[in-house]
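[1] Below are the sequence and a predicted model; questions follow.
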Amino acid sequence: MAKKPTKENEVKEKERVEDAVQEEKEPVTAKSGELAEETPEEPKTVEKEKYDEVYDKYLRVLAEYDNYKKRTQKEKDEMYSLAVAETLEKLLPVADNLDRAISALDETEHSEFSEGVKMVSKQFFEILAKMGVVEIEALGTQFDPNIHNAVMHVDDDEYDANVVIEQFMKGYKYKEKVIRHSMVKVAN
């Protein structure tokens with residue numbers, strides 16, 4: 001006949017099961033008191049190598065992306081500067097014509113027309129200045145083939161060699177880029 005479970009038997013059985021579960025959770029001992037290694041060293045090394053490889057790839061992609069951003073920004077800036085320079089080059093004849101109109105005005109006459117031309121010229125050159133366009137200094141300076149275009153040479157003892165003595169057409173620069181060279185006469 002089967003024994004009827006009593007409270008005391010139930011408690012003993014429960015303790016026996018708990019002890020068995022506890023023994024399974026504790027690490028197996030290799031020698032007296034030492035804990036056995038849970039995992040061998042080789043898998044940790046392989047995992048570290050894989051991590052280092054992935055991290056290296058991540059850093060390379062990050063550097064490539066940063067270089068891409070810098071390169072595209074530089075290309076955009078160059079394209080913008082080139083477009084502005086080409087536009088300004090097309091507007092420079094207007095500046096020349098305004099200068100010619102002002103020089104042709106009779107200084108004694110102060111008509112509304114002459115005042116209007118002077119105001120338009122002033123406004124036009126102010127806009128160019130705000131955009132960063134600078135007139136190239138020519139008269140009295142040393143001839144520089146990078147910014148001057150010598151169309152005439154004269155022998156004159158009054159001036160030093162290679163000095164600009166006359167300017168036929170003004171030259172302009174935009175951000176250190178020459179838009180148009182100054183057409184000048186140079187003393188030899």
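    That came in fine, so what should we check first? Note that the structure is predicted; figures quoted are calculated from it, not measured. Numbers count the residues shown, from 1 in each chain.
[2] now for the helix or strand harbouring residue 74, which elements pack on it?
    Using DSSP states H and E, residue 74 sits in helix 41-104. Helices and strands touching helix 41-104, by 3 or more Cβ pairs under 8 Å, 6 or more residues apart in numbering; DSSP states H and E, are helix 112-131, strand 172-174, strand 177-180. Any C-beta I mention is one placed from the backbone N, CA and C, and that applies to glycine too.
[3] Centre of the chain to it, how far?
    Computed by Cα atoms, centre = their mean, to the nearest Å, the separation of helix 41-104 from the middle of its chain amounts to 5 Å.
[4] cool, and stretch 149-158?
    Chain-centre distance of stretch 149-158: 44 Å, with Cα atoms, centre = their mean.
[5] For that stretch, C-alpha coordinates in PDB please.
    The C-alpha coordinates for stretch 149-158 follow below in PDB (Å, rounded to 0.1, in the frame of the first residue of the first chain):
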ATOM      1  CA  ASN A 149      48.600  92.600 -68.700                       C
ATOM      2  CA  ALA A 150      51.300  94.800 -70.300                       C
ATOM      3  CA  VAL A 151      50.000  96.100 -73.700                       C
ATOM      4  CA  MET A 152      52.700  98.800 -74.000                       C
ATOM      5  CA  HIS A 153      56.300  99.300 -73.000                       C
ATOM      6  CA  VAL A 154      58.000 102.700 -73.000                       C
ATOM      7  CA  ASP A 155      61.600 103.800 -72.200                       C
ATOM      8  CA  ASP A 156      61.300 106.600 -69.700                       C
ATOM      9  CA  ASP A 157      64.100 107.700 -67.400                       C
ATOM     10  CA  GLU A 158      61.600 109.300 -65.000                       C
END
